[in-house]
Each structure stands twice: as C-alpha cells, then as structure tokens.
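Student: build me a structure from this.
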Amino acid sequence: MKDFDLRDLDAFVAVARTRNFRRAATEQGVSVSSLSQRLRDMEERLGVRLMNRTTRSVALTEAGELLLARVGPAISDVSEALDQVRGLRAVPSGRLRINAPPPAIDLVLAPMVAPFLAAHPKIDLEIVGESSFVDIVAGGFDAGVRYGEHLAQDMIAVSLGAPQRYAVVASREYVAQHGRPKHPKELLDHACIRTRFGSGAMLDWEFEKAGRVVKVSPPAKLIATHLGLALRAVHDGTGFWLTFEGYVRYGIKSGALVSVLDDWCAPFPGPFLYYPSRRQPPPALAAFVAFVADWRKRERRRNKPA
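Tutor: Got it, this is the predicted structure:
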C-alpha cells in the first residue's frame, strides 16, 4: 500500500467507471497523457494489467474488475466523507470551548451569546470562567480571552470590544459621611472592598494620570472573591470599591453610587479573544471570529456620534 496513494486509486476508478480516458481526465482535472501514465505506472508496480486499451475502447481485465469491486465503494465512501467534512465549513457545527475571566464574560461575551447561537444553531458553546492564567491547548479549549498584556506571542489575538476603564465607587451615604478622596493615596484613610484571586493574590489598586502611575494597597474592610457580595456591600455603604465601570454604571447613573478619582482612571484596551496560530481554525471557532468582527462593526456604528 505504501507504493500507492489515493490519487492512483481515484484515477483508476474514474477510468474504470467511465471506460473513457478523455472523460476521466476531465473529471480528474488532468491531461489524458498524465492520467494514462499514472495508470501504466500503477500496473507496473502491481505487476498485472488492469485494463486493455484500444483507440476506441477501454475494457477491464479480471484483475481490474476485482480491484474495482473492492476499491470502488471505498473511494466513494472517502469522497462522501470529505464532502461532509467540507460541509462543516459551510454550516459550522460542534462544540466551541472558550476560557475567559469573569469580567470579560459578564461585560463583553454575555451580550454576544444568544445572537451567536441563534446565527449558528448547530454550534454548542461552552464558556468557562477563570481568573487564573490557563494553557488553553492543554486545557482542551478552542480559544481563550485575556487582556493584551497577558497574551502569548504565538497566539492570534482578536479584539472583542471597545476600551474599558475602572471606577472607584462608594454609596452616596458613605461619601456623605466620610468624604470624597481627591488623590489615590487618600484611599488609605477609607474603608475599602478588596478582591482576592484564586491564586491567593490581592492586587494593589493602580491609577494613572498624565503619565504618572500611583499604586496603593488600601485597608480591606471586606475581602470578597464573589462579585455579587462586593456589589451588594458597596451599595450597603461598606466602603470604596475599585471595579470595572461596567459593573457599576447603572448604580452611578441612578445616583445610588458615587464615582471618585475619575481623572485617575484612564481607559485601557478591552479584552482579546486568542487562539493558537494555525493555518485553519476549527469551523466553530472560525464562525465565532467572523461573528465578533461583525459585532464590532455594528458596535462602532452604534457608538458613532450623530
């Protein structure tokens, strides 16, 4: 079998089925002379004649009839299987697994999920929320979501959304009682709600203004690993909370929460979808990348000033 490839057998079946070299060559997309030479080489390697040729006809020998009976159905099965696989590109299907940090899921991916699944009913989507860094290949994920500074160089990265920013907020009652800080270091004199990550780390709060970076580690009146708890606590007046603006935008708009140090909270690029740099991503992932590109275009149109 190592002396033959699928093209040899496909060429033989085409000629055997049509009994015509010219017609078979047209189907194969090759010249008559190259097709004839391929079959002669095949017969030489086998050591038997497969066809009797004249200028007007092609007739299979006994060996040719035997080979066609055994190989013909197999070639048809291979062709059908390849057509089905190619069909996956036309109608993406299967499971798409994405790993992402919770803020990216809540604020960026969540609005996309229902429209994407409606557009691609044959795709099943699995999104796993994780704050720690994950090897997406080892973890069996098709893609991951991270912010730009945490992307490996050998990955293809696709922007998922517009720039984001942090906000420092407290309840209206807390600010009325304890005052409004005008500099990040003044947070050291306030009760604050902090987050501890699964790794055990509790990151400093980082601020930037006019190129100047200030980091502070304010006292933690409450340490929360659960977003819902932190959000409830800030509304209940526990203290200041540094979080993604998207989580508290409605609270600020309603007046229940007060945003401080806005001039120290510079925008930063939104999250990126990333996946291994290979020639052909899985059909479901390719469909999601195309969906994201279209989503971003519509998002820019929506946000374009009138």
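
Student: report the central residue of this protein.
Tutor: Central residue check for the chain by C-alpha atoms, centre = their mean: the C-alpha nearest the mean position is that of Ala143, 4.1 Å away.

Student: do I have it right that that one meets Phe288?
Tutor: Yes: with contact defined as C-beta atoms under 8 Å, Ala143 counts as touching Phe288 (7.5 Å). For every residue, glycine as well, the C-beta is placed using N, CA and C.

Student: if we can go back for a sec, show me what contacts the residue nearest to the centre of the chain?
Tutor: Listed by C-beta atoms under 8 Å, 6 or more residues apart in numbering, the contact partners of Ala143 are Leu96, Arg97, Ile98, Asn99, Ile136, Leu273, Tyr274, Tyr275, Leu285, Phe288.

Student: quick one on the thing from earlier: which neighbours do Ala143 and Phe288 have in common?
Tutor: When contacts are counted by C-beta under 8 Å, 6+ apart, Ala143 and Phe288 are jointly contacted by Leu96, Ile98, Leu273.

Student: picking up where we left off before, which ones among the contacts of Ala143 lie within strands?
Tutor: With strands defined by DSSP state E, the entries of these inside them are Leu96, Arg97, Ile98, Asn99, Leu273, Tyr274, Tyr275.

Student: redo the residues you listed as TSV? Include neighbour count and pLDDT.
Tutor: Written out in TSV, the entries for those read as follows (neighbours: other C-beta atoms under 10 Å; pLDDT from 0 to 100):
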residue	neighbour count	pLDDT
Leu96	24	95
Arg97	19	94
Ile98	22	95
Asn99	23	95
Leu273	24	94
Tyr274	21	92
Tyr275	22	90
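
Student: what is the nearest of those residues to Gly29?
Tutor: Taking C-beta to C-beta as the measure, Tyr275 is the one of those closest to Gly29, at 33.8 Å.

Student: and the closest one, what are its bridge partners?
Tutor: Ile156 (DSSP bridges).

Student: tell me the contacts of it?
Tutor: Residues in contact with Tyr275, defined by C-beta under 8 Å, 6+ apart, are Ile136, Asp142, Ala143, Gly144, Met155, Ile156, Pro281, Leu285.

Student: much appreciated, bye for now.
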